[in-house]
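Peer 1: I'd like to go over a predicted model; first the sequence, then the structure.
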Amino acid sequence: VQDEDRKRTLERFVAERGDRLLRTAALLAGSPDGGEDLLQSALERLLRNWRRIDGDPENYVRRTLYNLAVDGWRRQRLWQRKAVLTEPGPPVDLTAAVDLRDAVIRMLVQLPPRQRAVLVLRYFEQLSEAETAQALRCSVGTVKSATSRGLARLRELTASGHSPQARALKE
Amino acid sequence: MSSDMEELAREGMRQVTATLHASPDLAARAYEQHKRRRHAGFTGLGVAGAAAGTALALGLTGVLGPAPARSTGTIRTLSFTLVSNANGTATLTINPKELLDPTALQSDLAQYGIPAKVTAGSFCTSDPALVGFSQAVTSNPSGEGTGTPQSGVQPTITIDPSAIPSGTELSFGYFQLTSGQYAGSQQADVVLIDTSSYTCTSTPPDPNGPPAGYGESDSMSLLYGGPGPAGS
């Protein structure tokens, strides 16, 4: 009975807040499918630690999303470094992007994971630098430098394109 | 300074995610994942012990009794997706951007009635080699991923548990290649082995040919995530 109650409570929680959490997860993971996987894992952690959670479970799920993403990235770091060396991938074709905002998102995925996470927390979650630092368990200075480098990299990637919008942005 | 880019990032993230909605079964999937994990924990065994117990149980079941109960539906993890099909087969799709979790894959294959020994950094084969592999495992499409690194492709295979002979199991060996022609790629080799007689090696098999003793149709080598063929 307790399990069934817990399952129903989780279903209600996902019905109410799932979309919002999925959007963050998708940005952190770099794709909608990856976001669903990430969120599913975070929800499983929620079930696992149900009794120990104080306060709003959404806060717990959000923290878990960040932690899982960072852990995953740490685990993948070696592979990602190899992937960068061996598989640079096609250049971003800004002329094919529907608009510059789409292009920015496509390039967001190309950023190093921590820079991407910082930008997601700062500009999608609207967290302050201090809140972002707390969420990612790093210093405010790290957040500042990652934000600056991330934005600079986005600008660089965008401005290297050929669309009129990109050229306008470069100017 | 960067205010234009800040605004683009803010608006871009908002716009591209605005239409995203969580799957209706997301909570159910998380709950099932939790139950599987908890069940594994309740055995009182460690991960390795639980995996060994599963393999033993599956081996005995193949000889002594009916096939183990099969779950249905879809299991999604970061490194793979496993879908049970209506005809009793299961389709495994590997995410080439993730490192494969061998314990999770072995456990989840077992959920679908597929006996398998999934190893990372080693690969197990039987001598003499077993036949019948091509009835049990097919790649989608046929031949995909064999012998050539597939850049950006998600390797997909379909497994028919009813075609895995009693007393045998799939050996699924996974490697991250760090040297040689395909350095930077991931490799997964699959063959049938005798559950009671096999040996394992930490050397990745040559992906351009079957493992020693096995025929071309009795093995599969998936090479993926790498640089891709020259000139492509």
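Peer 2: Done, it's in.

Peer 1: run through chain A and note the low-pLDDT ranges.
Peer 2: A:1, A:70-106, A:158-171 (pLDDT under 70).

Peer 1: one more time with 50, if that's ok
Peer 2: Within chain A, the ranges that satisfy pLDDT under 50 run A:73-97, A:162-171.

Peer 1: would you list every one of the helices in it?
Peer 2: Secondary structure of chain A (DSSP state H): helices at A:2-29, A:32-48, A:57-86, A:100-108, A:113-119, A:129-136, A:140-159, A:164-170.

Peer 1: in chain B, which helix or strand is least confident?
Peer 2: Within chain B, no helix or strand scores below helix B:47-64, which has a mean of 27 by mean pLDDT, DSSP states H and E.

Peer 1: and whatever helix or strand comes next after it, which strands flank it?
Peer 2: Note on helix B:47-64: by DSSP states H and E, the next helix or strand toward the C-terminus is strand B:74-76. Strand pairing for strand B:74-76, using DSSP bridges, gives strand B:80-84 (antiparallel).

Peer 1: so in terms of bridging, what pairs with the residue nearest to residue B:207 when sequence neighbours are not counted?
Peer 2: Among residues not flanking residue B:207 along the chain, residue B:221 sits closest, at 4.2 Å (CB to CB, 6 or more residues apart in numbering or on different chains). Just so you know, the C-beta spots here come from the backbone N, C-alpha and C atoms, and that holds for glycine as well. Counting by DSSP bridges, residue B:221 is bridged to residue B:189.

Peer 1: quick one, what contacts residue B:134?
Peer 2: Residues in contact with residue B:134 (CB atoms under 8 Å, 6 or more residues apart in numbering or on different chains) are B:217, B:218.

Peer 1: what about it, which helix or strand?
Peer 2: For residue B:134, the element it lies in under DSSP H and E is helix B:133-136.

Peer 1: and the following helix or strand past that helix, what does it pack against?
Peer 2: Remark: after helix B:133-136, the chain's next helix or strand is strand B:137-139, criterion DSSP H and E. Packing partners of strand B:137-139 (3 or more CB pairs under 8 Å, 6 or more residues apart in numbering or on different chains; DSSP states H and E): strand B:156-159, strand B:219-224.

Peer 1: show residues contacting the first one.
Peer 2: Read that as strand B:156-159. B:85, B:89-94, B:109, B:114, B:136-140, B:144, B:170, B:190, B:220, B:222.

Peer 1: at 10 Å what do you get?
Peer 2: Contacts with strand B:156-159, where a contact means CB atoms under 10 Å, 6 or more residues apart in numbering or on different chains, come from B:80-83, B:85, B:87, B:89-94, B:109, B:112-114, B:116, B:136-141, B:144-145, B:170, B:172, B:188, B:190, B:220, B:222.

Peer 1: cool, and stretch B:204-212?
Peer 2: By CB under 10 Å, 6+ apart, the surrounding residues in contact with stretch B:204-212 are B:121-127, B:129, B:133, B:145-149, B:171, B:173-182, B:185, B:187-189, B:191, B:201, B:214, B:216-223.

Peer 1: of these, select the buried ones using a ChimeraX command.
Peer 2: Selection command for ChimeraX covering only the buried members of the contacts of stretch B:204-212, criterion 16 or more other CB atoms under 10 Å in any protein chain shown:
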select /B:122,123,124,125,126,129,133,145,146,148,149,171,173,174,175,176,177,182,185,187,188,189,191,214,218,219,220,221,222,223
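
Peer 1: in strands only, show me the contacts of stretch B:204-212.
Peer 2: B:123-125, B:171, B:173-176, B:187-189, B:191, B:201, B:219-223 (DSSP state E).

Peer 1: give the bridge partners for residue B:194, please.
Peer 2: Going by DSSP bridges, residue B:194 forms beta bridges with residue B:168, residue B:197.

Peer 1: my read: it touches residue B:164, true?
Peer 2: No. Applying CB atoms under 10 Å as the test, residue B:194 and residue B:164 come out as separate, 11.8 Å apart.

Peer 1: what do these two both touch?
Peer 2: With CB under 10 Å, 6+ apart as the test, residue B:194 and residue B:164 both reach residue B:130.

Peer 1: what about those two, which has more around it?
Peer 2: Applying other CB atoms under 10 Å in any protein chain shown to residue B:194 and residue B:164 shows that residue B:164 carries more neighbours, namely 25 against 18.

Peer 1: test my guess that that one contacts residue B:135.
Peer 2: Yes. When contacts are counted by CB under 10 Å, residue B:164 is listed as touching residue B:135 (8.8 Å).
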